[in-house]
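> kindly generate the corresponding structure for this input.
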Amino acid sequence: MTMSVAQANRQATGTNVASGDNRIKSLIALIDTLTTLVAEENAELAKGLPASRLKQVDEKNKLAEIFERTVAECAAGTTSLTVRDRILREQLLDKILKLRAAMDENLVRLRAAIEASNRRIEAVMQAIREQIAAVSPYGASGRVAAARTVSSGTSRSA
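Numbering: from 1, shown residues only. Model prediction:
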């Protein structure tokens with residue numbers, strides 16, 4: 001069951017009369033959707049795509065914000081997620097662990113993508129610096145460089 005950002009937001013912020021179990025089921029659906037998005041993003045990053053070109057980023061960030069807000073409300077005591085059903089509680093904990101593993105992988109892959117982007121930028125900048133140095137009449141001191149001597153040799157064979 002996938003959940004849209006609007007649905008997740010309504011269920012996370014609504015003060016509806018739904019039972020605690022239904023709220024837990026909604027949270028599980030949110031976690032499942034978030035885990036799926038993160039897994040898709042990880043697969044894209046594994047292919048070497050730059051992080052800036054990923055289509056999941058906006059939706060992932062919105063769902064993560066809703067999830068974080070729900071967790072913060074629970075920590076502050078404004079929302080209660082008391083789970084009486086042992087199976088549902090175990091399912092929630094399992095989903096949270098899967099989300100955490102996917103997010104840990106995501107963090108590693110995003111760092112690698114950022115490093116790869118930095119290396120590409122540095123390579124381009126180095127090429128530009130070399131091109132400028134090759135055609136510049138100025139030396140490292142900023143003064144006009146001495147005329148470059150070009151060696152031309154003649155070969156004599158007897």
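
> for this structure, which helix is longest?
helix 86-135 (DSSP state H).

> who are the packing partners of it?
Using 3 or more C-beta pairs under 8 Å, 6 or more residues apart in numbering; DSSP states H and E, the elements in contact with helix 86-135 are helix 20-46. All C-beta spots, glycine's among them, are computed from the backbone N, C-alpha and C.

> report the buried residues of the helix it packs on.
By neighbour count on 16 or more other C-beta atoms under 10 Å, the buried set for helix 20-46 is 23-42, 44-45.

> distance between whichever helix or strand comes after that helix and the chain's centre?
The first helix or strand that comes after helix 20-46 along the chain, using DSSP states H and E, is helix 57-76. For helix 57-76, the separation from the chain centroid amounts to 16 Å (computed by C-alpha atoms, centre = their mean, to the nearest Å).

> what residue lies at the spatial centre of this protein?
For the chain, Leu110 is the residue whose C-alpha lies nearest the centre (C-alpha atoms, centre = their mean; 4.6 Å).

> enumerate every residue touching that one.
45, 51 (C-beta atoms under 8 Å, 6 or more residues apart in numbering).

> per-residue pLDDT, it?
pLDDT for Leu110: 90.

> from Arg100, how far off is it?
Taking C-beta to C-beta, to the nearest Å as the measure, Leu110 and Arg100 are separated by 15 Å.

> same deal with Thr79?
Going from Thr79 to Arg100 by C-beta to C-beta gives 20 Å.

> quick one: which of the two has more around it?
Between Thr79 and Arg100, counting by other C-beta atoms under 10 Å, Thr79 is the more crowded of the two (16 against 12).
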